[in-house]
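Undergrad: Here you go, sequence then predicted model.
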Amino acid sequence: MEKLVSLAKRRGFVFQSSEIYGGLGSVWDYGPLGVELKKNIKERWWRSMVHERHDIEGLDAAILMHPKVWEASGHVSGFTDPLVDCKQCKHRFRADDPRIKGTPGQPDAQCPVCGSKGTLTAPRQFNLMFKTFMGPVEEQAAVIYLRPETAQGIYVNYLNVLQSSRQKIPFGIAQVGKAFRNEITPGNFIFRTREFEQMEMQFFVKPGSESEWFEFWRGERMKWVEGLGIRSEKLRWHQHDKNELAHYAKDAYDIQYEFPFGWQEFEGIHNRTDFDLSNHQKHAGKKLDYLDPKTNERFIPYVVETSAGADRTTLVVLCDAYTEEEVRGEEGSEGGGDQRVVLKLKPSLAPLKAAVFPLVNKDGMPELAHRIHDDLRRHFNVFFDDGGSIGRRYRRQDEAGTPFGITIDGQSTQDQTVTVRDRDTLKQDRVATPKLVEYLTQKLAG
Ligand code: GAP
C-alpha cells in the first residue's frame, strides 16, 4: 500500500488534506489526475444507471436535511458503533478491535496502545453522524446532521420524482454525492475516510417482487464492476449474516475486492424492504403509498438498493492497475533491462488519454508536437512533455496510467506521421497525423 500511496502523491492522484498543517486524519484531496480518474468512474456509473436505462431517473439532493429524516431512518438511534476509551492514554477504539486483549470494562482488558491493564472503559454506543448547528444559535433545536448516506435524499423525494417524471413502479432513482461518517477507526488510505462519495441507486418495486429484483441488480452490478477491467479472481461476493445486517436491511450482499490489506467490501446490494418509506410516512405524516394503475392496488414500495463508494471503487481500480515489471530493450530505455511501475488502467478510465512528445527540441519537432497537442486536446485529455530523455518521459506516463505516447520524430516533419506507443504492449504504430483522432477514438472505446 505504501508504494501506491507514494505513487498517488508523486503523480498527483491523491494528497493528504491540509498537508502543510500536518494533515487532517483520514481526509484526502484528489489532485489533477485523481479528480479525472474518479470523475471517469462516476460518469461511467451515471451513464450505465441513468442514461442507458429508461426506468431510472437522476437526482442531486442537498447534503443537509431535516433532522427528523434521521430519526425516521433509524440513524439517530441505530447508526452507532460500540466504543471504548483508555483512561490512561486517552486513545479510543472500537470495542471489537482485534488488538484488544480481554474484555473491555473488566480488569483483564489491556489497552493495545499503552499496554495498561484494566484502564479500558466498558463499551458505549457512539453515533457516527457528524452534528452541526443550523443558524446562529448553538442549541439543541438547531442541531442538524451531515448525511451519513445519500439514500435518504432519494426516499424523501421519491414521490416528487415519480410524479414529475411520470415513471411507474418498478423504477429507480440514482444519485452521486458526498456522505460523512465520524468513523472511529478510519484508515487504509482512501478506503475508510470520514468524508467520502457514494454512488447510490434505490429501485422501487412491488412487494413480493423484491427477491427477483435483488438478484437482477446483483448480476448487473457485478457486470459493471467487471467492466472497469478489474481481474475477476480479485472479486467475490459476501452475504451478510444476521449480525452484520444494517438496521434497515433484510438481506445484503457485498462485492469484495482483495486489497493489499485483505478482502473488503466496496459496494453493497441491499434489500431494504419498505423500512425507509414506511418510517418516513409515519414520521412525516404524509402518504407515501403508490396506486398501481393496472390493479388499483395501493402499497408502499419495497426498495432494492445498490450502494457503491466512489472513493473505494477508485482505490480498487488503482490497486488492480498497479504493476511493477521489467521491460527489455525498449527504445529510449537505458541498457537491456529496465524496471518500471505502470498503472494498467482501462484506457477509457485513464485520466490522460495520450501524451505528446517531441523526440528532440529542435528541427521543427516541438512546433509540430504543439500543433498535434492543440488538435488532440479538443477531443481528449492529453498531456505535452518535452522534458528529459524519451525513456524518462515514457516512465512518467506509465506511472500516470496514460495509455498512449505519441512521439514526433525526424520522419514526422517529413511525412506527417507519428509513432504511437501502447503503454501495456510497448508496441509502436506509425500513424498519419490526420488519422490520429480516429485511431485513438477506436482504441479508447469500451
Ligand atoms: N446506503 C447504504 C449504505 O450507505 P454502506 O455499506 O454503509 O451502505 C455503502 O456504504 C458504500 O459506501 C460502501 O460499500 C463503501 O464503498 C462506501 N463507504 C461507506 N463508508 C465509507 C467510508 N467511511 N469511507 C469510504 N467509503 C465508505
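TA: Alright, I've got the coordinates.
Undergrad: in the stretch 101-250 of the chain, what spans have low per-residue confidence?
TA: Counting by pLDDT under 70, the stretch 101-250 of the chain has no low-confidence residues at all.
Undergrad: Where do the strands of it begin and end?
TA: Assigned by DSSP state E, counting those that start in this stretch, the stretch 101-250 of the chain shows strands spanning 124-127, 131-133, 143-145, 171-180, 195-205, 235-239.
Undergrad: nearest to the ligand, of those?
TA: strand 195-205 (3.6 Å; CB to the nearest ligand atom). (Each C-beta comes from the backbone N, C-alpha and C, glycine too.)
Undergrad: And the closest one, how far out from the chain middle?
TA: Relative to its chain's centre, strand 195-205 lies at 12 Å (CA atoms, centre = their mean, to the nearest Å).
Undergrad: How about the stretch 251-400 of the chain: which residue is closest to the ligand?
TA: Counting by CB to the nearest ligand atom, the stretch 251-400 of the chain gets nearest the ligand through Gly309, at 2.2 Å.
Undergrad: mind listing what that residue touches?
TA: With contacts defined as CB atoms under 8 Å, 6 or more residues apart in numbering, the neighbours of Gly309 are 196-199, 266-267.
Undergrad: cool, and Leu315?
TA: Leu315 makes contacts with 189-191, 259, 266, as judged by CB under 8 Å, 6+ apart.
Undergrad: does it count as helix, strand or coil?
TA: Following DSSP: H, G, I helix; E, B strand; the rest coil, we place Leu315 in the helix state.
Undergrad: Regarding the chain, what is its longest helix?
TA: Ranked by residue count and defined by DSSP state H, the top helix of the chain is helix 210-227.
Undergrad: and that helix, C-alpha only, in PDB?
TA: Output of helix 210-227 as PDB, limited to C-alpha atoms (Å, rounded to 0.1, in the frame of the first residue of the first chain):
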ATOM      1  CA  GLU A 210     -38.100  -7.700  -4.400                       C
ATOM      2  CA  SER A 211     -36.200 -11.000  -4.400                       C
ATOM      3  CA  GLU A 212     -36.300 -11.200  -8.200                       C
ATOM      4  CA  TRP A 213     -35.100  -7.600  -8.500                       C
ATOM      5  CA  PHE A 214     -32.400  -8.200  -5.800                       C
ATOM      6  CA  GLU A 215     -30.900 -11.000  -8.000                       C
ATOM      7  CA  PHE A 216     -31.200  -8.900 -11.100                       C
ATOM      8  CA  TRP A 217     -29.300  -6.000  -9.500                       C
ATOM      9  CA  ARG A 218     -26.700  -8.300  -8.100                       C
ATOM     10  CA  GLY A 219     -26.000  -9.500 -11.600                       C
ATOM     11  CA  GLU A 220     -26.000  -6.000 -13.100                       C
ATOM     12  CA  ARG A 221     -23.600  -4.600 -10.600                       C
ATOM     13  CA  MET A 222     -21.100  -7.400 -10.900                       C
ATOM     14  CA  LYS A 223     -21.100  -6.900 -14.700                       C
ATOM     15  CA  TRP A 224     -20.500  -3.200 -14.200                       C
ATOM     16  CA  VAL A 225     -17.600  -3.800 -11.800                       C
ATOM     17  CA  GLU A 226     -16.000  -6.300 -14.200                       C
ATOM     18  CA  GLY A 227     -16.400  -3.700 -17.000                       C
END
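Undergrad: in it, what counts as buried?
TA: Neighbour counts over helix 210-227 (16 or more other CB atoms under 10 Å) mark 210, 213-214, 216-218, 220-222, 224-225 as buried.
Undergrad: Looking at the strands of the stretch 101-250 of the chain, which one is packed in the most?
TA: strand 195-205 (a mean of 23; mean count of other CB atoms under 10 Å).
Undergrad: neighbouring strands for that one, and are they parallel or not?
TA: Strand 195-205 pairs in its sheet with strand 171-180 (antiparallel), strand 302-309 (antiparallel), by DSSP bridges.
Undergrad: near the ligand, which residues of the protein?
TA: Within the chain, the residues that sit near the ligand (CB under 6 Å from any ligand atom) are 149, 151, 181, 183, 192-193, 196, 198, 200, 265-268, 305, 307-309, 311-312.
Undergrad: so how far is stretch 5-18 off the chain centroid?
TA: Taking mean C-alpha positions (CA atoms, centre = their mean), stretch 5-18 and its chain are 16 Å apart.
Undergrad: how long is that stretch end to end?
TA: Using CA to CA, to the nearest Å, one end of stretch 5-18 lies 16 Å from the other.
Undergrad: Next, count neighbours for the closest residue to the ligand within the stretch 1-150 of the chain.
TA: Of all residues in the stretch 1-150 of the chain, the one sitting closest to the ligand is Glu149 (3.7 Å; CB to the nearest ligand atom). Per other CB atoms under 10 Å, the neighbour tally for Glu149 reads 20.
Undergrad: OK, contacts around it?
TA: 179, 198, 200, 307.
Undergrad: Could you do Asn361 as well?
TA: By CB under 8 Å, 6+ apart, the contact set of Asn361 is Asp386.
Undergrad: ok, and the closest non-adjacent residue to the spatially most central residue of the chain?
TA: Residue closest to the average C-alpha location in the chain (CA atoms, centre = their mean): Ala310, at 1.7 Å. The spatially closest residue to Ala310, leaving aside those adjacent along the chain, is Glu197, at 3.9 Å (CB to CB, 6 or more residues apart in numbering).
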